[in-house]
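Asker: let's see this in three dimensions:
(one chain, ligands or ions: 1)
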Amino acid sequence: MPLLDPQVSAKIGTLQALDDAIAFRLGRLNLPCPDCTADQKCIDHACDLELIAGYQDRYAAVFREALADMDPDDIEQVMQPGDGTPPTVGVLSAAVLARLSARQCAVPWTWPARRRCWTGSPAPGPGPARTCGS
Ligand SMILES: [Zn+2]
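Answerer: Model (predicted):
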């Protein structure tokens, strides 16, 4: 059984690939260039800037998609605004946390039900009230 849902894994893989692509292009931009001026980038580096913007747009879209499928409590446990957690690491951490939390429950879980499992308090959700592990 894979640790993560294949769709979540695919999104994380895409985020990592975009991270790498952005880092590569930023590295190229930071190299000294005899053809760039203070006012204008050379054609190669102008292309790098456009690619970075495109990668960042795609990254933001995939990041939003990945977070939309996750429990806000899991996200909050692994990422706080301004804490410096790299976004891809945060998504991976929240996905692993969600998966581990799901394994803690003996009952089929829903997001709201699973959220309560760490405390053992009654788990809301469809059907009769349940307690994690019952
Ligand atoms: Zn240049």
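
Asker: what about the closest residue to residue 21 other than its chain neighbours, how many neighbours?
Answerer: Using C-beta to C-beta, 6 or more residues apart in numbering and skipping residues adjacent in sequence, the residue nearest residue 21 is residue 55, 5.1 Å away. For the C-beta atoms, the positions are set from N, CA and C on the backbone; glycine is no exception. When neighbours are defined as other C-beta atoms under 10 Å, residue 55 has 19 of them.

Asker: can you pull the buried residues of the helix or strand encompassing residue 17?
Answerer: Using DSSP states H and E, residue 17 sits within helix 6-29. Residues of helix 6-29 classed as buried: 8, 11-12, 14-15, 18-19, 21-22, 25 (neighbour count, 16 or more other C-beta atoms under 10 Å).

Asker: which parts of this protein sit against the ion?
Answerer: Proximity of the chain to the ion (C-beta under 5 Å from the ion) is limited to residues 33, 35-36, 42, 45.

Asker: highest neighbour count among those?
Answerer: Busiest of those [other C-beta under 10 Å] is residue 45, holding 18 neighbours.

Asker: the longest helix in this structure is where?
Answerer: Identified as the longest helix of the chain according to DSSP state H is helix 43-68.

Asker: helices or strands up against the very next helix or strand once past that one?
Answerer: Using DSSP H and E, the helix or strand that follows helix 43-68 in sequence is helix 72-78. Using 3 or more C-beta pairs under 8 Å, 6 or more residues apart in numbering; DSSP states H and E, the elements in contact with helix 72-78 are helix 87-104.
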